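Student: What shape does this take:
(3 chains)
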Amino acid sequence: MTCVSFITDYGLADGFVAACHGMILRTVPTARILDITHLVPPGDVRRAAAVLAQTVESLPRGVHLAVVDPGVGTARRAVALRAAGGDLVGPDNGLLIAAAERLGGVQAAVTLPVPAGTPATFHGRDVFAPAAAELAGGTELAALGAPLDPATLVRLPAPHARLRPDGVLEAEVLLVDTFGNVQLAAAGPLLADAGLHPPARARLWAVALDAGDAGTDPATRVTELAVGVTFASVQSGELVLYVDAAGMAALAVRDGDAARALAVAPADRLAICRVGDGD
Amino acid sequence: MTCVSFITDYGLADGFVAACHGMILRTVPTARILDITHLVPPGDVRRAAAVLAQTVESLPRGVHLAVVDPGVGTARRAVALRAAGGDLVGPDNGLLIAAAERLGGVQAAVTLPVPAGTPATFHGRDVFAPAAAELAGGTELAALGAPLDPATLVRLPAPHARLRPDGVLEAEVLLVDTFGNVQLAAAGPLLADAGLHPPARARLWAVALDAGDAGTDPATRVTELAVGVTFASVQSGELVLYVDAAGMAALAVRDGDAARALAVAPADRLAICRVGDGD
Amino acid sequence: MTCVSFITDYGLADGFVAACHGMILRTVPTARILDITHLVPPGDVRRAAAVLAQTVESLPRGVHLAVVDPGVGTARRAVALRAAGGDLVGPDNGLLIAAAERLGGVQAAVTLPVPAGTPATFHGRDVFAPAAAELAGGTELAALGAPLDPATLVRLPAPHARLRPDGVLEAEVLLVDTFGNVQLAAAGPLLADAGLHPPARARLWAVALDAGDAGTDPATRVTELAVGVTFASVQSGELVLYVDAAGMAALAVRDGDAARALAVAPADRLAICRVGDGD
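Tutor: Prediction:
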């Protein structure tokens, strides 16, 4: 039983997800379909790419079908990629790249043809799910379409994360989860490089996109918080900086919602420094 | 592995959907259950019927279980239907008819008995899921209940769609999807009959239920829009009229929400004419 | 194919549920995973315990994985329980007990070890799902961890329900479902003991937590309603008291939302008496 994982922005209120499941099962009745989420905000390729990349290593080897495709019906390519650890199918808009890299990097890629007469608005059902089904059923990648040079695949800009010369860690908000936990684009080792290993106290503030290497405290509100290992490193209602289960720096409020408490959203930039070290 | 598709208004926050899955799997452990949606607004039989009908052709042959049942516990019949392309199980309130017609029309039907002592509020778990499981397991339709005359099945009123004598297409809003795309009750060919084939410009306005054949422009706000083939036929933020992936006339705002932009909801009536032809 | 049921407060917008599915399927590719709900409000152990208990009897025999775990990363134990009717895996915070009792009561229990280096914030993926997978794959309970005395398992306080000396039924709101139906902590027989069997009229009012055995009417708004067997026992828009499909006393508004109409929420206490008997 080959596993097909599936992520979209189709929502759960229509029949779109089921139509794609149906197209897969009509070709490969024994396929195992594993829904990642279908609640990606409409067209939010960046969020979908991050969720897929952070989930894929927990999934069985198989095919990963991802459709967040605001460019459906335009000249954007439909692609299937082969990585050492699995196959990926979706639009060529950057959605698949981070996951492919977690699976060992793109080894080969093809452009999926769109048959004449295919409706222009539902390539999930009509192009991508059928291709994923073919791969799940054992069809060779090369049989699905014309080969393309992986170097030409569209890539999303890398999210901002850096250690400033003054020792301050600067990072973009990558994901906010159901609990309001705020994941930063900084991986755990970068947090350690900034001296932010528990137990410690830190200082946090928002930075403008063009702030440069300013070492002085900004005009925005500064929050003090603990550096810990889990929610329970602090008291209920308190803020904690920790390395999350995806290995990324994250902010949480114990029994609360950090995104709301800090009034931050994906793509916002935060600066963090160890108290007593960086200022 | 027989496939059982499943659509309800049970929501996803309770254990109702799982209880029905459980009842099916206890009878047929190898059944494949394919959830269409469980987020039908409570009691919205009309929406559920449309979503089921538009999804069913993409699904594997099998049993289609649909439970949107505001009359549970009343004298409304519980039924199982056989069509050329599959079986359907649910309440006799019109929910199953459009899907049955997509599957070739009702060939036979039975009334499902409700055993004495069955709780009066959860026929999904206690009547419909068990019947679907029996069909999935190979039980003959005739063994499930007393035969009934398909002509006596309850039908929903046909949604309004017509080409007026003055060449204006008038159609009810059938579905609004997750993206805010507005599907009209008019099938693609009716759109063509109104001269609304791309590329063209059109004029759109709301009409009252009792407007008759008035050829003059109404007092309501008139919107101009493009007739295209997909979202990308227009610029971001612009409105487009197109034939959607279910073959129906639809309105979308590229990268936006047409239902919100137009302030329309299911059952609202819209009039559309080609600019320069119909007024 | 062993069935693993799964309930969490992970929501459906992230990859957390899929990561757990993946961990199970990597160990037992043939496991059947049956999602109960993942929309438990964050940290609401009480609601999750009630939903799990009321669903479990409709599910196939197997493993029940439940993760609503505000204490993740603290000293709270991770446990696996064996009952006559199935196994349960989750945090030792009371979540599993009511379901275990529906399955015949806890016969044996073990503490699941948390390997050194396990991230402190996602025991669903890293501790609980792997344990559920082991049980689904046939591993003996005793092989999963050190035995623990079931008498030491954490239990939730029993929800309030009693028949007052003056014949008034007093009960806490246990669950509000998708439809706004209000389930009370009183089982059907207690309703009958209070003389509240259909057809009858009843009187309903809210009581404070420390109201004692006051036999007089309270200062709060008193509602009159019918005692019936289903929603259709009353006219559209009217309130009905009935025994629901889980065997519990419940309040509904036909074609409406009783929780909204009554402005009640879980843990609120209501008093109900038969009209003409209790006052």
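Student: wait, is A:L184 part of a strand?
Tutor: Yes: counting by DSSP: H, G, I helix; E, B strand; the rest coil, one finds A:L184 located in a strand.
Student: check contacts around it.
Tutor: Residues near A:L184 by CB atoms under 8 Å, 6 or more residues apart in numbering or on different chains: A:A161, A:A171, A:E172, A:V173, A:L174, A:M248, A:A249, A:A250, A:L251, A:L270. Any C-beta I mention is one placed from the backbone N, CA and C, and that applies to glycine too.
Student: 10 Å instead, please
Tutor: A:159-161, A:169-175, A:190-191, A:241, A:244, A:248-251, A:264, A:268-270, A:272 (CB atoms under 10 Å, 6 or more residues apart in numbering or on different chains).
Student: do the same with A:R76
Tutor: For A:R76, the contact set (CB under 10 Å, 6+ apart) comprises A:D69, A:P70, A:P91, A:D92, A:N93, A:H123, A:V154, B:A232.
Student: picking up where we left off before, quick one: which of the contacts of A:L184 sit in helices?
Tutor: When the contacts of A:L184 are checked against helices (DSSP state H), the matches are A:L190, A:L191.
Student: Within reach of chain C, which of the contacts of A:L184 are there?
Tutor: Subset of the contacts of A:L184 in contact with chain C: A:L175, A:D244, A:A250, counting by CB under 10 Å from any CB of the partner chain.
Student: Who wins on neighbours among those residues?
Tutor: In terms of neighbour count, A:A250 stands highest of these at 26 neighbours, by other CB atoms under 10 Å in any protein chain shown.
Student: Nearest residue to it in space, please, no chain neighbours.
Tutor: A:D244 (3.9 Å; CB to CB, 6 or more residues apart in numbering or on different chains).
Student: Check that neighbour and give its pLDDT.
Tutor: At A:D244, the predicted lDDT confidence score is 96.
Student: residues contacting it?
Tutor: Taking CB under 10 Å, 6+ apart, one finds A:54, A:175, A:177, A:181-184, A:188, A:230, A:250-252, C:119-122 in contact with A:D244.
Student: Tell me the one among the residues you listed nearest to chain B.
Tutor: Proximity of the contacts of A:D244 to chain B (CB to the nearest CB) peaks at A:D177, which lies at 17.6 Å.
Student: For that closest one, grab the count of nearby residues.
Tutor: Quick note: A:D177 (other CB under 10 Å) scores 20 neighbours.
Student: Report the separation between it and A:D244.
Tutor: From A:D177 over to A:D244 the distance is 9 Å, taken as CB to CB, to the nearest Å.
Student: shared neighbours, these two?
Tutor: Common contacts of A:D177 and A:D244 (CB under 10 Å, 6+ apart): A:Q183, A:A250, A:A252.
Student: Show me the strands in the stretch 1-150 of chain A, by range?
Tutor: Counting by DSSP state E, counting those that start in this stretch, residue ranges of the strands within the stretch 1-150 of chain A are A:3-8, A:32-37, A:62-67, A:78-83, A:86-91, A:106-111, A:146-147.
Student: Those strands into TSV, with extra columns for mean pLDDT?
Tutor: Listed next are these as TSV, based on pLDDT from 0 to 100:
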stretch	mean pLDDT
strand A:3-8	98
strand A:32-37	98
strand A:62-67	98
strand A:78-83	98
strand A:86-91	98
strand A:106-111	98
strand A:146-147	98
